[in-house]
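**Student:** fold the following, please.
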Amino acid sequence: MKEKLRLYKFISCHKKPPARGSGIKASLTIEAAIVLPVFLYFFIAIIYFIQIITVQEHIQQGITRMGLSLAKSSYLYSDFTGPDEVESYDASDFGYEIEYELKALTEAALEGTFLKQMVKAYLDAEIVNHSAVLDGFNGLSFYESKVLDSSDCIDIVVRYRIRIPVKLFGLEDIRLIQRVKLRAWNGHRVPACYRKETEGEEDETYVYITNTGSVYHKNMNCSHIKLSIEEISYVPTERRNKSGGKYYPCEICCSSDVLYNLVYYITAYGERYHTKKDCPKIKRTVTKVLLSEVEGREPCKRCGR
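**Tutor:** Here you go, the predicted structure:
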């Protein structure tokens, strides 16, 4: 009995030693739990950065294409004295494409924010909406843009913010600005600083006159000689012109039975309505002459300044 008890104690005292490497496996698990999230965070950050670069390139291409389009059509705008004259001019003779560009250029010159609506034709708004840009396409601001200012340049400035999905370490949304500045293609030659004007050079300047007028015009598209004639089917007694004045019957072509006419003709800045399109009051015979040949005529108040 004593021998069996000794044998049992001998066997029970020989316990199985712990397996080698069990502590190493535990340490690897802890390291993986720490490193893997950090690795995934940086991997996602790289992908997000690539997305930011992609949308930046898309916006830059869009505003560059729009700027080139405006610069290309600016030579038409340079022939007018201002937006009001462009609006009163019938640009349908140029064709739909040029008419649209001239209208867009006029709207952009009046209001820089119009560029935000115009840029939709040059970039995909859905790409911007599904990008990292805060508020998508609505988050783009063209408020600082200037079109055909005193320097005859088209300066398109767009500001927006990039949202940060996980704002760690006090990170905030990124403010970005993109810009394209182009000189208007109006054919204007910048004089060299070493060039001096010669005497009599002004005499070679050409101006435009009419047979019945008393002034000369520097711009052949001046609204005083390039009239935009509108055809209407009623007597415009309650209508106002661009200057806010009323329309009265023409003393040449309007007779006593003027109320029985089916068609009448008016101009944007005129004060008379006409029954004949070839009335001398609205028909202009324009002649191009040298400035030295218009003695006795004053410059036009609209385009001669």
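**Student:** burial count for Glu172?
**Tutor:** Glu172 has 9 neighbouring residues, counting by other Cβ atoms under 10 Å. For every residue, glycine as well, the C-beta is placed using N, CA and C.
**Student:** same question, Leu36
**Tutor:** Neighbour count of Leu36, defined by other Cβ under 10 Å: 10.
**Student:** ok, which stretches of the stretch 101-250 of the chain are helices?
**Tutor:** Taking DSSP state H, counting those that start in this stretch, the helices of the stretch 101-250 of the chain run over residues 114-118, 125-129.
**Student:** pLDDT averaged over the first one - what is it?
**Tutor:** When you say that, I think you mean helix 114-118. Averaging pLDDT along helix 114-118 yields 78.
**Student:** can you give me the domain assignment for this protein?
**Tutor:** As given by automatic domain parsing, the domain ranges for the chain are 36-183, 202-299.
**Student:** so which of the helices of the stretch 101-250 of the chain is the most surrounded?
**Tutor:** helix 114-118 (a mean of 18; mean count of other Cβ atoms under 10 Å).
**Student:** contacting residues for the residue lying closest to Glu144 once chain neighbours are set aside?
**Tutor:** Once flanking residues are discounted, Glu144 sits nearest to Val157: 4.2 Å by Cβ to Cβ, 6 or more residues apart in numbering. Counting by Cβ atoms under 8 Å, 6 or more residues apart in numbering, Val157 makes contact with 142, 144-146, 177-179.
**Student:** mind checking which helix or strand of the protein has the lowest mean pLDDT?
**Tutor:** In the chain, no helix or strand scores lower on mean pLDDT, DSSP states H and E than helix 2-13, which sits at a mean of 52.
**Student:** quick one: buried residues of stretch 145-154?
**Tutor:** Residues of stretch 145-154 classed as buried: 145-148, 152-154 (neighbour count, 16 or more other Cβ atoms under 10 Å).
**Student:** Leu262 and Gly170, how far apart?
**Tutor:** The gap separating Leu262 from Gly170 is 75 Å, by Cβ to Cβ, to the nearest Å.
**Student:** who's in contact with Ala121?
**Tutor:** By Cβ under 8 Å, 6+ apart, Ala121 lies in contact with Met66.
**Student:** right, and the helix or strand after the least confident helix or strand of the chain?
**Tutor:** Using DSSP states H and E, the helix or strand that follows helix 2-13 towards the C-terminus is helix 22-77.
**Student:** can you report how many residues lie near Leu40?
**Tutor:** Using other Cβ under 10 Å, Leu40 has 10 other residues around it.
**Student:** what's the spacing between it and Ile47?
**Tutor:** As judged by Cβ to Cβ, Leu40 and Ile47 stand 11 Å apart.
**Student:** next: Glu126.
**Tutor:** Per Cβ to Cβ, Glu126 is found 20 Å from Ile47.
**Student:** quick one: pLDDT of the closest residue to Val55 other than its chain neighbours?
**Tutor:** Spatial nearest neighbour of Val55, chain neighbours left out: Ser131 (4.0 Å); criterion: Cβ to Cβ, 6+ apart. In the prediction, the pLDDT value recorded for Ser131 is 90.
**Student:** and Ser69, by the same measure?
**Tutor:** pLDDT, Ser69: 84.
**Student:** now Ile98
**Tutor:** Predicted confidence (pLDDT) for Ile98: 58.
**Student:** from what I see, Asn129 and Gly139 are in contact.
**Tutor:** No - applying Cβ atoms under 8 Å, one finds Asn129 not in contact with Gly139, separated by 9.4 Å.
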